[in-house]
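[1] Fold the stuff below for me.
(chains A and B)
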Amino acid sequence: MISEYILSITIFLPLLFAIAVLFVPKANEKLIKLVGFIGAALTFVVSLFLYFGFDPALDGFQFIQRISWISSLNISYLVGIDGMSLLLILLTTFLTPLALLGTWNSVEKQLKEYTLMVLLLEVGMTGVFASLDLFLFYIFWEAMLIPMYFIIGVWGGANRIYAAVKFFIYTLTGSVLMLVAILSLGYFASTVENGYFTTSLLDLYQIAHKLPINLQMWMFAAFGLSFAIKVPIWPLHTWLPDAHVEAPTAGSVILAGVLLKMGTYGLLRFNLPLFAEASLKMMPIMCLLAVVGIIYGALVAMVQTDIKKLVAYSSVSHLGFVVLGIFSMTEEGMQGAIIQMVNHGLSTGALFLLVGMIYDRTHTRLIADYGGAAKLMPVYATFLLIISLSSIGLPGLNGFVGEFLILLGSFKSSLLDNYWFAVFACLGVIFSAVYMLWMYQRVMMGPVHEDGLYGGHKLTDLTRREVAALIPIIIFIVWIGVYPKTFIKLSASVSSKTTELMQKIKSGAKIDYSLMSTEKLSK
Amino acid sequence: MFEYVPIIVLFPLIGFLSLGLFGSRIKKEKLVGVIGCGAVGLSFLFALLIFFQMLSIEPDQRKQIVTVFTWLSTFTASPGSLSVEISYQIDQLSILMALVVTGVGFLIHIYSIGYMHKDPGFWRFFAYMNLFIFMMLNLVLADNFLLLFLGWEGVGLCSYLLIGFWYEKKFTGDAAKKAFVVNRIGDFGFIIGMVLIFTTFGSLNFSTVFSSAPLQTTGSTTIFWITLLLFIGAIGKSAQIPLFVWLPDAMAGPTPVSALIHAATMVTAGVYMVARCSILYALAPVTMQIIAVVGAVTAVFAATIGLVQNDIKKVLAYSTVSQLGYMFLAMGVAAFSAGIFHLMTHAFFKALLFLGSGAVIHAMHEEQDIRKMGGLREYLPVTYKTFLIGAIAIAGIPPFSGFFSKDEIIWKTYSNEQGSPVLLILAILGAAMTAFYMFRLVTLTFNGEKRFNVHVHPHEAPKSMTVPLIILAFLSLAGGFVGIPHVSAVEEWLDPVFSSALYRLLPGESTSELAEILLMAISVAVAVLGIAAARHIYLKRLDIATSFIKRYPRIYKVLLNKYYVDEIYDAAVVEPIVKGSNEVLWKGIDVAIIDGIVNGSAKAVAAISQFVRKVQTGVVQSYAVIFIGGVLFIIAWLLFR
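    The predicted model follows:
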C-alpha cells in the first residue's frame, strides 16, 4: 500500500534531490538552486498527502511503517505521525522551500554545498518528527546537527566559528546524556516481566509506568536537558543569539522556524508520557523557568541594537510560552503550545527572512543604521508590520490563538494550581509590543536619511521573488488567526490523551498506557 | 432581517481589503473615496434597517445572536474546554453603538475626502479607516468577550496605524507606539480578566456569563477581580488616570482620526464595555466605587490641564479625557443609560469640535497654536457657527445635547446611593471648567484680534468638509431631545439591557423633583459662569490671565506641563526597565555570568587538556616510567587497602 510509504518518501525525498545536486556542475548555479528548490517544494507537495490522509478522529499514530533494523536489540526503522508531528512536519516542508526562495541570491560562496546542506537538514528534521523509535530518533537528532553546524560555520558572519562551535557543544552536551537515557530505558524494558530490550516508543509507552520514580527523575533530567537546550529554556539559551546572528538567513529561518521546536516537541512526545510522575514533580520548576524565559527574553530583546539578535531573544520569550503551555498539562495549554510552535515557526521564520532581505541590501543589521525605511520600501514595511503584529499576538492573527490558549490553560490548570504563572507570563504581552514596535519605529518610521543611503547602499523595495516567498507565510498567519480549526483539530487527540494521563497519575488511578498508543506490545 | 447582522460588519471589511490590496493602483482619489465612504455608508444603512425593525417588534424580542463560525477552541471532545465563536449580538445597546459608529464614522469619512485631498497616502488612509470601522463594529456587536477583545485590539491597531499615518515625521512614531503600548498595559488586565471569567463561568459568551453571574454573591472576591481587571483594560482604552498619557500625544494623527477614533468612538469602548457588563459590576460595589472615583477625578484633572493648553487639538484631547471621566462617573454611580447617552451626545459634539478644529488647521496651513489665531470668525463663517454650537453643547447649556446628558449624570451622582457629595462637587467643578476652557478656545480662535501672519489667507473649507459639520451641528443641537429627563427615550430603550443590574443596585426609586430642578439650575449656572468668565477674560481683560500666570507661576507651569506625568513615568518606570534590562539582564546575567560559565568551562577543558597532553610526549622511556608507576600503584593498593 502506497500510504505506508508516504511518510518515508516525505522524509527521504530531499535526500534524493541532495544527491541530484551533487551531479550538477558547480558553475551552473541556476540549476543548483532550481534542483534544490524543486526538491524542497516537491517534498511539501508530498507532505500534503499526509495532511489529507490523516484522520484527526483517530487516537494514536498513523502512517506507521516498521522495518526491522538491528534485530538483536529490537531496534527498527519505525516511523509514524500523530497530529502534533504532522503539524511540525508540514511546518518543516513548508518553510524549507520558502527559505531557499527567500535567499535566492544571498549565498555568495559554495552554493552547491549550501544547497546540499539545507536539503540534508530537511531530512534530519522531518525524520526527528516522524521517528517512533528512540534510537532512530537519536540518529536523526544528531544527523541534523551536522548540516546546521556547517551552515553556520561556513556561510555565517564574521564570528561564525565561535557561534558554530558553541551551538555544537551546547547541543551535543545535552544529547550525549539523552543517548545514555535511551539505552538505559531500553535496558529497563528488558527487566520487566516478559520484557525485552526495545527502543520502540510504542512499546515503551506501555511499560513506562513501571519506571520507579527516582529513575524517572534521572531520565527526565537527561532527556529534559537535551530538549531544554534546544528550545532553549532559560538559562540555557545563550547559544541561540550567537547562532542566529552568525547564521546565514536560511539557517536562521530553519533554526528558529523548526529546530527550536524539536525541543518542545521532545518534551511533549517523550518527557510527559514516558516520565509522567517525574513530569508532575518537575511541573512547577519547568513553568517557573518558562515564565522567567518569557519575561527575560522580552526584556533583553528590548535593549538589543542588532535586529537579528532582537528576533533571537524574542524567540526565547515565545518559546517560554510554549513550555508553559506544555507544562500547564491542560488541553488548552497543550493545544496552545502545539499551535504556538507552528505560529512561532511562521512568524519568526518570516522575520528572519525579512531581516535577511534588508541585510542583503545594506549589509547592516544595526537598528541605529535605519530609520524612515518605510518611505523607500512600502511593500517591505507592510510585510514587516503584519509579521510583527503576528509576533506580538494581535487577535485575528496566528500568535494570539496560541498565546491565549496557553495563558488560559496555565491559569486554569488544576495540576499546577497557581495562577501567578499565567499572570506573570501575561506581562510578555506588554513587553512584546514594546520591543517589536520600538524596533519597527526606529527602522521604518521617522525621516528618510538625507542622502537616501543606508549603510552606504540604496534601499529598494522587495522583488517579486521575495514577495512570493513571503505571501504564503502571510496567508497562513491570517488563516490560523481567523480559522484555527483547520490546524488545531489535528492535535486534539494527543493533547487530550496526554492531559488525561496526567490527571490519572495525579489522582493515583490505575494507569492504562494504551492511552498514548493503540499499538500492542509486539516483538 | 436580524440574520443579516454580520453584513453590517462585512462592508467595511470589503472596503478595507479592496483598498488595502488594490488601493495603490487606483489612481483616482474619487474612486477611493467612493469605496471608503460607501462601505461605511452601506453599513450604516443596514444598521438603520435593523434598528427600524427592532422598533417594530416587542422589546423582549429585540435581542438576537447570529453565529458565523467557531473561532478559537481546543477542538477536543471534553466538556469544559474553551470554545469561542465568531458571533454577533444585536440588542438595544449594540445597535445604538453600531449606529453611532457607522453614522458618525460615515460623516467623518466624507469629511476626510476634503481633508486628505492630495495626500500621497490617500488610499492608505481610507483603508485604515475602513479597517477601524470593521474592528469597532466587532467590538460593539460581539456576543463574547474574546470577539470583543479582537475588536478592542483591532481598533488599537488602527489607532496605531493612523496616529503614525505621517510616519516620516519625527514625533508620530513615538506617539503611535506609546498609544499601543499604554493600551497593552490595560489589555494585560483585560486578558487576565477574561481568563478569570472563563475559569469562573466556564464560558466567554455574554449570555452565559451574564445569566449565571447573579448566582454569585454580591461583593465576592472573584467578581471584584474580574470587574477590576476588565476596568484596567477600560482605563487604557478610554484614557483614564493613570493611563491617559497616550491620548494627548495621539493628536499627532490626521484630524479626522482624532475625531473618529480619539473622540467619538474608540476611546468610548471602555465605557461601552463596562455598560455591557453592568450585571457583573452590579455585583462588585467596590469596583463601582473605584470607577466612580477614577472617572470623577479624571474629569477634573484633565479639565485643569485643558485650561492652559495652547494647541487647539490638545485642548480638545484633554477635554475628551475629561468627558470620558464623566461617562465613567456615570457607570460608577449606576447611571448606565446616562453614561451611554453622554457617550452618544459626546460623539456628536466632540466629533464636530474636532472636525471644526481640522477646518481651522486646514485654513491656517497646519497651524495649531491658538495664540497665533484669533478673528477667524469672518473667514470661516460655517466652521465658526458649527464650532460654537459644539462648544455650547459640551458646556452644557440647554437645550443643547450636552446639557441633557451631563445633567443626567450629575443628577444621578446626587440621587443614586452609589454617588456621594464629593463626587457631585467634582462633577460640578469639572462642568464649570469645561465651559471655561471651551470658550477660551472659541474666543482665542475665532474672536478678538487677528494674531496670525499677514501672509496666511484663511479660507473656508470645501463642501465635503462643511456639510458633515452642519449635520453634526444639528445632531449636537437636537440630539439631546431623545434623552429628556423622565421621558427619556434612551433610558427606556436601554432599559432591558440594564434592568437586571439596576434591579440589584437601585431597589427603590427615590426622587425629589425639587432637588433635581435645583441641581439642574446649579449646573447651568456654573456653565454660564464659566462661559462668561472666559469671554470676559479672553475678549477684554487678557491681563487677568497674564497676571494670574505671574502671580502663580508654579501652578501655571505644572498645568502647562500636564503635571509632569510623562516625565515621572519615564523616570520611574521606563528608564529603570530599559537600564536594568540592558545592564543587569543582558550584559550582566547573559553575557557575563551564563556565557562566562559556558566559555569558562570550555577554557577549563582546554586547559586540562593542555596539561594532560604533556603526558603524551612520544618518548618511549617516559611511557615506561608512567607504566611502572602505575603497576606499583596497583600493587600497593592491592596490598594496603
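[2] Now do the same for residue 67: its pLDDT.
    Reading this off chain A. Per-residue pLDDT puts A:Ile67 at 87.
[3] The chain in question should be chain B.
    For B:Thr67, the model assigns a pLDDT of 89.
[4] just the one 4 residues further on next, same as before
    Looking at B:Trp71, its pLDDT is 91.
[5] Contacts only, for it.
    Going by Cβ atoms under 8 Å, 6 or more residues apart in numbering or on different chains, B:Trp71 touches A:482-484, B:84-86, B:146-147. In this view, the C-beta of every residue, glycine as well, is placed from N, C-alpha and C.
[6] Which ones among those map onto strands?
    Cross-referencing the contacts of B:Trp71 against strands under DSSP state E gives B:84-86.
[7] would you turn those into CSV with distance to chain A?
    CSV is the format used below for the ones in strands among the contacts of B:Trp71 (distance: Cβ to the nearest Cβ, whole Å):
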residue, distance to chain A
B:Val84, 9
B:Glu85, 11
B:Ile86, 8
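[8] need the contacts of B:Trp71 in JSON lines with neighbour count and distance to A:Ser414, can you?
    Converted to JSON lines, the contacts of B:Trp71 look like this (neighbours: other Cβ atoms under 10 Å in any protein chain shown; distance: Cβ to Cβ, whole Å):
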{"residue": "A:Val482", "neighbour count": "18", "distance to A:Ser414": "31"}
{"residue": "A:Tyr483", "neighbour count": "16", "distance to A:Ser414": "30"}
{"residue": "A:Pro484", "neighbour count": "24", "distance to A:Ser414": "25"}
{"residue": "B:Val84", "neighbour count": "20", "distance to A:Ser414": "21"}
{"residue": "B:Glu85", "neighbour count": "20", "distance to A:Ser414": "26"}
{"residue": "B:Ile86", "neighbour count": "22", "distance to A:Ser414": "29"}
{"residue": "B:Leu146", "neighbour count": "23", "distance to A:Ser414": "22"}
{"residue": "B:Leu147", "neighbour count": "26", "distance to A:Ser414": "27"}
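[9] Nearest to B:Asn447, out of those: which one, please.
    Among the contacts of B:Trp71, B:Leu147 lies closest to B:Asn447 (Cβ to Cβ), at 48.1 Å.
[10] Please tell me how far that closest one sits from B:Asn205.
    Separation of B:Leu147 from B:Asn205 (Cβ to Cβ, to the nearest Å) stands at 10 Å.
[11] Quickly list what's touching both of the two.
    Taking Cβ under 8 Å, 6+ apart as the contact criterion, the common neighbours of B:Leu147 and B:Asn205 are B:84-85.
[12] As a markdown table, the ones in strands among the contacts of B:Trp71 with pLDDT would be great.
    Shown next, in a markdown table, are those (pLDDT from 0 to 100):
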| residue | pLDDT |
| --- | --- |
| B:Val84 | 90 |
| B:Glu85 | 90 |
| B:Ile86 | 92 |
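[13] Of the residues you listed, which is the nearest to B:Gly151?
    Taking Cβ to Cβ as the measure, B:Gly151 lies nearest B:Ile86 of the ones in strands among the contacts of B:Trp71, at 11.2 Å.
[14] That closest one bridge partners, please.
    B:Phe69 (DSSP bridges).
[15] Hmm, B:Ile65 and it touching each other?
    No: in this structure, B:Ile86 is not within contact of B:Ile65 by Cβ atoms under 8 Å, at 11.5 Å.
[16] Spell out which residues sit in contact with B:Gly154, please.
    Contacts of B:Gly154 by Cβ under 8 Å, 6+ apart are A:394-396, B:131-132, B:134-136, B:138-139.
[17] Next, the buried residues of stretch B:391-400.
    For stretch B:391-400, burial by neighbour count (16 or more other Cβ atoms under 10 Å in any protein chain shown) applies to B:391-397, B:400.
[18] Dump stretch B:387-406 to PDB, restricted to CA.
    Only the C-alpha atoms of stretch B:387-406 are listed here, as PDB (Å, rounded to 0.1, in the frame of the first residue of the first chain):
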ATOM      1  CA  PHE B 387     -17.900  75.000  16.300                       C
ATOM      2  CA  LEU B 388     -19.800  77.400  18.500                       C
ATOM      3  CA  ILE B 389     -22.800  75.000  18.600                       C
ATOM      4  CA  GLY B 390     -20.400  72.200  19.600                       C
ATOM      5  CA  ALA B 391     -18.900  74.400  22.300                       C
ATOM      6  CA  ILE B 392     -22.300  75.300  23.800                       C
ATOM      7  CA  ALA B 393     -23.300  71.700  23.700                       C
ATOM      8  CA  ILE B 394     -20.300  70.500  25.600                       C
ATOM      9  CA  ALA B 395     -20.600  73.400  28.000                       C
ATOM     10  CA  GLY B 396     -24.000  72.100  29.000                       C
ATOM     11  CA  ILE B 397     -26.300  74.900  28.000                       C
ATOM     12  CA  PRO B 398     -30.000  73.800  27.500                       C
ATOM     13  CA  PRO B 399     -31.400  72.800  25.200                       C
ATOM     14  CA  PHE B 400     -28.200  71.600  23.500                       C
ATOM     15  CA  SER B 401     -27.500  67.900  23.700                       C
ATOM     16  CA  GLY B 402     -24.600  68.000  26.200                       C
ATOM     17  CA  PHE B 403     -26.800  69.600  28.700                       C
ATOM     18  CA  PHE B 404     -29.300  66.700  28.900                       C
ATOM     19  CA  SER B 405     -26.700  64.000  29.100                       C
ATOM     20  CA  LYS B 406     -24.300  65.700  31.500                       C
END
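[19] Give me every residue in the stretch 451-600 of chain B that's in contact range of chain A.
    Within the stretch 451-600 of chain B, the positions lying close to chain A (Cβ under 8 Å from any Cβ of the partner chain) are B:577-578, B:580-582, B:585-586, B:589-590, B:594-595, B:598.
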